[in-house]
Every structure is written in structure tokens, then in C-alpha cells.
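can you look at this prediction? I've put the sequence above it.
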Amino acid sequence: MSGQNSAVAAAIRSAKAERGGALIGYLPVGYPDLDTSIAAAIAMAEAGADVLELGVPYSDPVMDGAIIQEATQHALASGFRLADVFEAVRRVREAVDVPVLVMTYWNPVMQYGVERFAADLAAAGGAGLITPDITPDSAAEWLAMSERTGLDRVFLAAPSSSDARLRLVVEHTTGFVYTVSTMGITGERAQLDAAARSLTARLREQGAELACVGIGISTAEQVAAALEYADGAIVGTAFVRALRDGGVERLSEVVREIAAGTQRPAAAR
């Protein structure tokens with residue numbers, strides 16, 4: 001893992017030094033509308049998220065569970081445009097000093113133009129991209145652009161990945177490796193898959209310094225459990241549901257509740 005100047009990596013390291021690890025919070029841009037999604041992201045940072053992950057609504061979200069799909073489809077139906085992503089990143093970064101990653105399927109980036117997308121994201125103050133549906137060996141143009149612009153490139157590692165594939169991911173990822181806890185779609189799980197612990201150990205063997213676990217984490221207890229072996233926990237569905245059901249105010253409450261899971265027990269400090 002390169003990217004020593006990564007603001008994302010620095011935020012995760014800082015959270016580990018101060019607490020048990022980092023909380024990374026996901027919300028889609030444009031849900032329920034652009035201004036509210038920006039206010040929600042700012043509130044998420046103020047309530048305890050160490051890194052923000054803003055999702056690009058996409059018509060064929062293969063990795064998203066029902067609640068996130070519902071939100072992204074609403075955003076698309078309400079007129080979401082890709083330019084809204086850069087406006088959202090800029091306005092969030094003007095309000096809070098928390099790194100903002102953009103989570104996007106690759107097709108919108110290709111349609112926009114990889115060089116143009118990278119330049120506009122960097123200009124808006126974005127930290128980088130999480131790209132769930134491309135792998136490092138098929139991302140030459142993005143690798144080059146991220147090097148040029150200083151943007152982080154966060155690739156995903158799954159329990160089904162071979163050691164060779166994990167090594168490739170670790171070598172080309174900056175910020176952190178997005179460690180997929182289960183083989184399914186996003187959503188909440190009563191118990192996190194033991195595969196996440198095993199996968200994180202395999203990533204460490206391949207040289208991963210920072211690994212954050214996502215997919216299925218929705219409670220403070222699950223965050224605390226993930227931070228026993230990982231450096232950060234990624235929460236999405238629980239936050240999108242809170243925003244849907246109770247607006248920004250309810251979202252803030254839920255972020256604070258779940259962020260409590262990053263606090264080490266007093267005896268462990």
C-alpha cells in the first residue's frame with residue numbers, strides 16, 4: 001500500500017491512536033435531495049464519522065441492498081446528475097475537516113471521462129474513489145490518474161479472493177483496503193461473517209497496513225467487534241435508514257450511537 005500522504009489513512013490512524021479505530025459512514029448523494037444529502041453528510045461527520053463515503057446513484061447497483069437501492073433510485077428519479085457529486089464534496093469539505101471518498105461503479109466514471117472525473121474530484125477537495133466493480137489489473141487509466149492527482153484508490157477484497165488477487169489489491173490500494181465481510185449485498189446482519197476476520201488476517205499477510213470492514217455492520221456492538229481485528233468499520237444501510245425515517249436529526253442520533261462502538265473499553269486503554 002502506497003499513498004503515505006493519504007488524508008484517509010491519516011484519519012484512520014488518528015482514530016486508532018485515540019480510540020479503537022475508525023468509523024466510515026456511507027450516504028448516497030442526492031437522497032432525498034441534494035441539499036439534504038449534503039446536510040446529512042456534514043451531520044454524519046459532526047456526530048462521529050472519521051471518513052465519509054458519498055455514493056454515486058447508479059441504475060444497476062449490483063452490490064447494494066434494498067434500502068440503499070431504494071435511496072439511489074429515488075435520487076435518480078429526482079434528477080441526480082454526476083456534477084452533483086462534485087458540488088456535494090465541495091460543500092461538505094467547506095463545512096467539516098473530514099476526508100470524503102466517493103463510492104462509484106466504474107461506468108459513470110468512464111462516461112464522464114477518467115481524467116476529467118479525477119481532476120474535478122480533486123478540485124472539489126475529494127480524497128479519492130472506492131470502486132467496487134473494477135480490479136487493479138483493469139484500472140490502468142485510473143491508477144495513472146490517481147497518482148497524478150494524489151487521490152486515494154480504494155479497491156475491494158472479498159473472502160473468495162485468491163492470495164495472488166489479495167496481493168494485487170494491497171499493492172495498488174491507497175487509503176485502506178475495503179474488506180468485504182460477506183459474499184452478499186450490503187445490508188444489516190445479525191452476526192458478522194467470521195470470513196471478515198479471516199480475510200483481514202490474509203490481507204495482513206499480504207502487507208495491508210489498513211483494512212476496514214464493510215457490508216453488514218449496523219450496531220455499535222458490531223463496530224466494536226470489527227475493530228478487534230480491523231482498523232475501521234464501514235456503515236451504510238443503518239445510516240440511510242435513519243435519514244429516510246427521521247431526517248438529519250435522526251441520522252445524527254444513530255451515528256452517535258454507532259460511533260460509540262469505536263471507543264475502547266476503559267480497561268483496554
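Structure received. Since we're looking at a predicted model, the values are computed, not measured.

quick check: longest strand of the protein.
For the chain, the longest strand by residue count, based on DSSP state E, is strand 22-28.

now the next helix or strand after it: buried residues?
Using DSSP states H and E, the helix or strand that directly follows strand 22-28 along the chain is helix 34-46. The neighbour-count check on helix 34-46 (16 or more other CB atoms under 10 Å) flags 34, 36-45 as buried. For glycine as for every other residue, the C-beta is placed from the backbone atoms N, C-alpha and C.

turn those into CSV, columns for pLDDT and distance to W142.
Formatted as CSV, those follow (pLDDT from 0 to 100; distance: CB to CB, whole Å):
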residue, pLDDT, distance to W142
L34, 98, 26
T36, 98, 30
S37, 98, 25
I38, 98, 26
A39, 98, 30
A40, 98, 28
A41, 98, 24
I42, 98, 28
A43, 98, 31
M44, 98, 26
A45, 98, 26
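
so which of the residues you listed is the closest to R90?
Of all these, R90 sits closest to I38, with 9.4 Å by CB to CB.

next up, the contacts around the closest one.
Contact partners of I38, counting by CB atoms under 8 Å, 6 or more residues apart in numbering, are 87-88, 91-92.

how far away is it from L129?
Note on I38: its distance to L129, by CB to CB, to the nearest Å, is 19 Å.

name the nearest residue to V235, ignoring sequence neighbours.
Distance criterion CB to CB, 6 or more residues apart in numbering; nearest residue to V235, sequence neighbours excluded, is I217 at 5.2 Å.

count of residues packed around that neighbour?
Neighbour count of I217, defined by other CB atoms under 10 Å: 30.

what separation do you get for the nearest residue to C212 once chain neighbours are set aside and N107?
Nearest residue to C212 in three dimensions, chain neighbours excluded: G232, at 3.4 Å (CB to CB, 6+ apart). Look at G232 and N107: by CB to CB, they are 27 Å apart.

ok, back up a step: quick one, phi psi at the residue nearest to C212?
Here is the backbone geometry of G232 (degrees, to the nearest 10): phi -160, psi 160.

thinking it is in contact with A9, fair?
No. Taking contacts as CB atoms under 8 Å, G232 lies outside contact range of A9: 10.3 Å.

tell me which of the two has more neighbours.
Legend: neighbour count by other CB under 10 Å for G232 and A9, higher for G232 (28 against 22).

which ones are touching that one?
Each residue near G232 by CB under 8 Å, 6+ apart is listed here: 12, 15, 21-24, 50-51, 176, 210-213.

re the thing from before, flag every buried residue along the longest strand of the chain.
For strand 22-28, a neighbour-count test (16+ other CB under 10 Å) marks 22-28 as buried.

what's the answer for stretch 93-109, then?
Buried, per 16+ other CB under 10 Å, within stretch 93-109: 93, 96, 98-106, 108-109.

sorry, back to before: common neighbours of G232 and A9, please.
When contacts are counted by CB under 8 Å, 6+ apart, the set common to G232 and A9 consists of 176, 210.

please compute how far the helix or strand hosting C212 lies from its chain's middle.
If you go by DSSP H and E, C212 is part of strand 211-214. Centre-to-centre, strand 211-214 and its host chain are 9 Å apart (CA atoms, centre = their mean, to the nearest Å).

lovely, talk soon.
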